[in-house]
Each structure stands twice: as C-alpha cells, then as structure tokens.
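S.K.: The following comprises the amino acid sequence and a computationally predicted model.
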Amino acid sequence: MTVNEALFNYSLRLGDNSLILSHRLSEWTGKAPILEEDLAITNIALDKLGQARFLLQYAAQLEGKGRSEDDLAYKRSEREFYNSLLVEQPNGDFAFTMARQLLNDVFDFFLYEELTKSTNEPLASLAAKSLKEIKYHLRHCSEWIIRLGDGTEESHNRIQNSMNELWAYTGELFEMNEIDSILIKENMVPDLSKLKPKWNNMLCEIFEKATLKKPEEGFMHTGSRKGVHSEYLGFILAEMQYLPRAYPSATW
Amino acid sequence: MVKKTITKEELFNIIAQIPDPEIPALSIGDLGVLRNIEMHQDKVVVVITPTYSGCPAMKFFEQEILSVAKEAGVNYVEIKTIYSPAWTTDWISDAAKMKLKEYGIAPPQGTSDKSFLFGQPKKINCPKCHSENTELKSQFGSTSCKALYFCKQCTEPFEYFKCI
C-alpha cells in the first residue's frame, strides 16, 4: 500500500465517522427533549456534516479517479464504510445519545489535537478547523453527562446503563492496522495507543463529577477497520442513499 | 477576458459588501469570510473560507459572488474555498463588532476559551441594556456561530456570537 492509498483510507475513516454520526444526530431534529437541545443537536450534526464533506472531498482528490464527495457518501456500500461501530449505534434515549457522543468526542478531541501537528498539510488544517468545533461539542455533552449522572435516580441509572452498554464499542476506537503504520512512519497521524491514557483520564474526571462508575472492562466489539459493521449501518445507508440511488442524475 | 476597467481593490470592495443571510448586519468582508481576490489573465479567483465547517450560507455566498461580479462586468469567476488558516472570530473588526451589538447580538469577547471543558461560562453583557446580570441558556443558538443567553435585568433573551 502506498502512502497515498493509506491517506485515502484514513480520510475515509475520519470522514465516514463524521458522516454517520451526523446522520444519527440529525434523527433528533424536531424531537429533542427541549427546544434548546433540538438546536444544539442539529448544530452539532451540521458541524459533523461539514467536517465529513471536506474529509470526503480530500479523499476523492487523493483517489484521483474522478469520484466526488457525493459519490463517496452515496454510492459506496456498507462494507466500504470505515466509521466506528460506536457512531452507528441507534440513538436510544437522550442519555444514550449523549453517552455515545461523549465517548466519541473525547476520542476525537485527542485525535484531532494530534492531527493538527500532522506533516500532511491538508489533514493538519482540516484538524485545526474541526478541533474548534469539537471543543464545543465535548463541553456540551460533558455538561449533560454531569447533569444526568448527578441528577435524579432515574437519570443517573439511565446514563450509567448507557455508558455500560456502549463501553464495549470503545476498544475498537484505538485499533490500528497497516494504514496507521504507514502514516505514523510519515508523522502524518498519531499512534492511537498513546491517546488511550489521555482519553481514559478525561473520561474518569467527567465520570467522577457525574457520580458515575467507570464501566468494567470486558468483551469489545470489532470490525469497522475492515468494513464489517453492526446490522444498523445498512439501515442508515438505505435511508441516506435512497434518493441518489433511485434518481442518479437528480440535482437541486 | 476580464475587463481591465475594474481593479482588484474595487472588485474586492464590491464583493466584501455581500451581507450574511443570517446576520444581515454583517458582510462577508466584516466577517473575514472573503480572504482574497486573485486577478488572472483569463479569470478572477475569489478565495473564501467558511466560519463553521457546516456553514449552510457558503452556497449562498458563492451564488452572490458570481452575480455581484457579473454586475460589475466580471464574467469569468472561479471560487476557491480554503480551510487554512481556520476562521476565527478574531478577524471580526471592532467596527463590525459595534454593528453586531447595534443589531442586537452580543459580539465575541476576547479570544477563544482555553479552559473549555469545566471552565465557567464567560460573563456576557446584554447588547440591549448592557447589564452583566446574564446567564448562558445554551452553547448553541439559531446558527452554529451563536450561543443563547438570557438577560435577567431586562428579562430578554439574546444571542452571543461565540469565540472560536
């Protein structure tokens, strides 16, 4: 695999993650618990979509086969998506959505912070742009985790149960393959194993404030680095890709 | 061919006046969305940068730039979107901040927040009654770039253009 091919795949991994999380968050549009939260979730979804767009644009450019960002978003099948299993999990209740967001955002925060130092200029500048937004997202969901965890017995139990259930999807975030090895050698991307202690510390700090217990380590799901997903991704793509697939030449 | 009758500065000043559709008090020049104009032999390249990654106004700006340039007699316009350097509220001039305030939106105060995670939210003055007795309702307002505040003095909600 060449450096260019590895970069293409890495951009897809980052772009798909933003795209699928954006889609999940947008499912809350019009039905979040309160109006302010409706605005917040849809704003976060919009930021993620913007980030997905420039990552997929960059991937398309690296591939150089004439595919566009839209082709990559709408004309790839399930096995060609590399987003984490975590972000494709269904929204569940509000606590579940916030728990998923926290686990993802703390990871993204440290990943993108490292990516701003990438020797690959486009990746470094996209990371610098995204990081500003990720900080707001992280602050927002961490406040909710604390409010729910340190709230009533009901809200505490819901957020604790969500965290326990989602924990099995966090091992995968730190998995590395050939793509990572190639790009780490070029100082383009960070070694994910080095992010883990920081990710762990920040989460523990938030859990403590939220009176939550850190979930116990156990079985971890895996597969997305190879394009193997949970049953949910197919349903997301069916909805997201329906129009461009049914009407391939449709334009606004 | 590009008419030689219009200079780079003239064209820049015309395009810079395009108002933001969501905050009409500010133009793309005020916001710093318009970065540069390159005059080439056969075309003009207009360089812009989004405020937030998902800013839905970018498509609108592109169309406006093309139509404003056409009115000024420039037909061959190419739009280039750049992401680096990342847009920051530091680019909004003091004059533009005054315009924001007069429009009823509290302008960004200081530079972006370093202690973002557990830090106390900034104290923002109400743009209407100038009271400091305000509280943050939500970090996310009607658009990505604004947060929602409430003034306890005049009991009015208002928006704050947040720092990034």
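M.R.: Happy to help now that I have it. Residues are numbered from 1 along each chain as shown, chains lettered A, B, ... in the order given.
S.K.: unless I'm mixing things up, A:Arg245 is touching A:Asp71, no?
M.R.: No - assessed by Cβ atoms under 8 Å, A:Arg245 is found out of contact with A:Asp71, at 11.5 Å. Where C-beta positions appear, they are placed from N, C-alpha and C, glycine not excepted.
S.K.: Which one's more surrounded, these two?
M.R.: Neighbours were counted for A:Arg245 and for A:Asp71 using other Cβ atoms under 10 Å in any protein chain shown; A:Asp71 has more, 15 against 12.
S.K.: how near is that one to A:Leu126?
M.R.: 20 Å (Cβ to Cβ, to the nearest Å).
S.K.: Break chain B down into its structural domains.
M.R.: Domain ranges of chain B: B:8-87, B:90-161, per automatic domain parsing.
S.K.: Would you state the helices of chain B in chain order?
M.R.: With helices called from DSSP state H, chain B shows them at B:8-16, B:28-31, B:58-71, B:94-103.
S.K.: Give the buried residues for the first one.
M.R.: Pointing back at helix B:8-16 there. Within helix B:8-16, the residues scored as buried using 16 or more other Cβ atoms under 10 Å in any protein chain shown are B:11-12, B:14-16.
S.K.: Would you mind putting those into a markdown table with pLDDT alongside?
M.R.: As requested, the buried residues of helix B:8-16 are exported to a markdown table (pLDDT from 0 to 100):
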| residue | pLDDT |
| --- | --- |
| B:Leu11 | 89 |
| B:Phe12 | 90 |
| B:Ile14 | 90 |
| B:Ile15 | 90 |
| B:Ala16 | 91 |
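S.K.: Make CSV out of the domains of chain B and add distance to A:Tyr82.
M.R.: As requested, the domains of chain B are exported to CSV (distance: least, Cβ to Cβ, whole Å):
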stretch, distance to A:Tyr82
domain B:8-87, 20
domain B:90-161, 26
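S.K.: how about the ones you listed, which one is nearest chain A?
M.R.: The closest of the domains of chain B to chain A is domain B:8-87. By Cβ to the nearest Cβ, the value is 2.9 Å.
S.K.: Run the chain-centre distance for the closest one.
M.R.: Distance of domain B:8-87 from the chain centroid (Cα atoms, centre = their mean, to the nearest Å) equals 11 Å.
S.K.: so does it get close to chain A?
M.R.: Yes - using Cβ under 8 Å from any Cβ of the partner chain, domain B:8-87 comes into contact with chain A via B:50, B:52-56, B:83-87.
S.K.: And the helices of chain B: which comes nearest A:His229?
M.R.: helix B:58-71 (31.2 Å; Cβ to Cβ).
S.K.: end to end, how far does stretch A:52-71 reach?
M.R.: Criterion Cα to Cα, to the nearest Å; first-to-last residue distance in stretch A:52-71 is 13 Å.
S.K.: mind listing what's buried in it?
M.R.: So stretch A:52-71, judged by 16+ other Cβ under 10 Å, has buried residues A:52-60, A:62-63, A:69.
S.K.: among those residues, which are in helices?
M.R.: A:52-60, A:62-63, A:69.
S.K.: can you redo the residues you listed as a markdown table with pLDDT and distance to B:Glu159?
M.R.: Output for these, formatted as a markdown table (pLDDT from 0 to 100; distance: Cβ to Cβ, whole Å):
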| residue | pLDDT | distance to B:Glu159 |
| --- | --- | --- |
| A:Ala52 | 97 | 27 |
| A:Arg53 | 94 | 26 |
| A:Phe54 | 92 | 27 |
| A:Leu55 | 96 | 30 |
| A:Leu56 | 97 | 31 |
| A:Gln57 | 95 | 31 |
| A:Tyr58 | 96 | 33 |
| A:Ala59 | 97 | 35 |
| A:Ala60 | 97 | 36 |
| A:Leu62 | 96 | 39 |
| A:Glu63 | 96 | 41 |
| A:Glu69 | 94 | 31 |
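S.K.: tell me which of those is nearest to A:Pro197?
M.R.: Among those, and counting by Cβ to Cβ, the member closest to A:Pro197 is A:Leu55, at 26.4 Å.
S.K.: who's in contact with the closest one?
M.R.: A:11-12, A:14-15, A:18, A:126 (Cβ atoms under 8 Å, 6 or more residues apart in numbering or on different chains).
S.K.: thinking again about what came up before, out of the helices of chain B, indicate the one that is most buried.
M.R.: helix B:28-31 (a mean of 22; mean count of other Cβ atoms under 10 Å in any protein chain shown).
S.K.: what stretches of chain B score poorly on pLDDT?
M.R.: B:1-4, B:111-116 (pLDDT under 70).
S.K.: make it 50
M.R.: Nowhere does chain B drop to pLDDT under 50.
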